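> from the sequence below, what's the structure:
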Amino acid sequence: MTVQFALSKREEEYTFSCKMVKVAKWFEDIDSKNNITKQSTEMVYLVPQDSSQRTLFFDAWLPSYDQETYETVGLLLSPINKPCRLGVRRINADYSEAHHLVLMSPDLEDEISKMISAGKSEITVAILAESNEEKFNV
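Residues are numbered from 1 along each chain as shown. Take a look at the predicted model:
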């Protein structure tokens, strides 16, 4: 396979369904008095569900190792219908169940959280061609 062919895979658009997951991530913080406190934050992960589009997407975008993140632009389709920035991650210590997407657009995390709280479990995501990234301000 030539490098050009591999890069052209990122010029394709991929659309697939994702399971929406909220996970508490814990970390330690040191304040000005050197006191260590344990803090948590809610991370929103989108887990692509099995499909041919998911397989093609991971073939083009999945990082080589678990500490690496590739960033891409996608569209969260109905009912949100907004562009977002997503981090593509392999199975790792933060989420060990499946390869996943990290929602990196804080303004959309609340909308996804509300959907999860309302009992919704999936959303459709369209990953845009890499060359479209600069057209969206995410």
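
> now the helices for this structure?
Counting by DSSP state H, the chain has helices at residues 3-8, 52-61, 106-117.

> minimum distance to residue 96: which of those has it?
For those, the distance to residue 96 is smallest for helix 52-61, at 16.8 Å, taking Cβ to Cβ. All C-beta atoms are positioned from the backbone trio N, CA, C, and that covers glycine.

> list the buried ones in that closest one?
Neighbour-count burial for helix 52-61 flags 53, 54, 57, 58, 60, 61 (criterion: 16 or more other Cβ atoms under 10 Å).

> so the residue most central in space within the chain bridges to which residues?
Residue closest to the average C-alpha location in the chain (Cα atoms, centre = their mean): residue 101, at 2.2 Å. On the basis of DSSP bridges, residue 101 is bridged to residue 46, residue 88.

> shaky segments in this protein?
Counting by pLDDT under 70, the chain contains low-confidence ranges at 1-7.

> now the top strand by length along it and helix 106-117, what's the angle there?
Longest strand in the chain, counting residues (DSSP state E): strand 14-30. Here strand 14-30 runs at 100 degrees with respect to helix 106-117, directions being taken by axes from the mean of the first three to the mean of the last three Cα atoms, to 10 degrees.
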